[in-house]
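Undergrad: no sequence on this one, just coordinates:
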């Protein structure tokens, strides 16, 4: 199991459960495990029907607690009408001098651009397939 530094930090903030022991955080039931989805940032489990998702999504999914921009409070990752990376929540974390994660947060794409110092017309246009979490995970 490969977890990013941000996820490893997040799972230390609550009573984490391994995949075989996970229960839905909403109904507290392990039943219908084929319907359990796991947040890609905090790794908490939820039944798709308990959180109003018709079927298990392909690709990345974030729970209601993680799907909010930590800087501006947006509940959508893309406010600029772009595609590609701009439609994905951007994970961000701070590390101390020893490389230990000290804080984690979720950013919408506009706040991610501001934090990383991109300005209009710079090379990161949000169309790429890579994202910050992949870059940080590769560094692990």
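TA: Received the coordinates, thanks. From a predicted model like this one, the values you see are computed outputs, not experimental measurements.
Undergrad: Can you check my assumption that residue 106 lies in a strand?
TA: Yes: assessed with DSSP: H, G, I helix; E, B strand; the rest coil, residue 106 lies in a strand.
Undergrad: Go ahead and confirm it touches residue 88.
TA: No: the pair residue 106 / residue 88 is not scored as a contact, 10.5 Å apart, by C-beta atoms under 8 Å. Every C-beta, even on glycine, is put in place using the N, C-alpha and C of the backbone.
Undergrad: Show me the helices in the chain, by range?
TA: Taking DSSP state H, the helices of the chain run over residues 5-10, 109-116, 132-139.
Undergrad: Those: lowest mean pLDDT?
TA: Of all the helices of the chain, the minimum mean pLDDT falls on helix 132-139 (a mean of 41).
Undergrad: What residues does the closest residue to residue 40 other than its chain neighbours make contact with?
TA: Nearest non-adjacent residue to residue 40, counting by C-beta to C-beta, 6 or more residues apart in numbering: residue 60, 4.7 Å away. With contact set as C-beta atoms under 8 Å, 6 or more residues apart in numbering, residue 60 has these partners: 40, 88-89.
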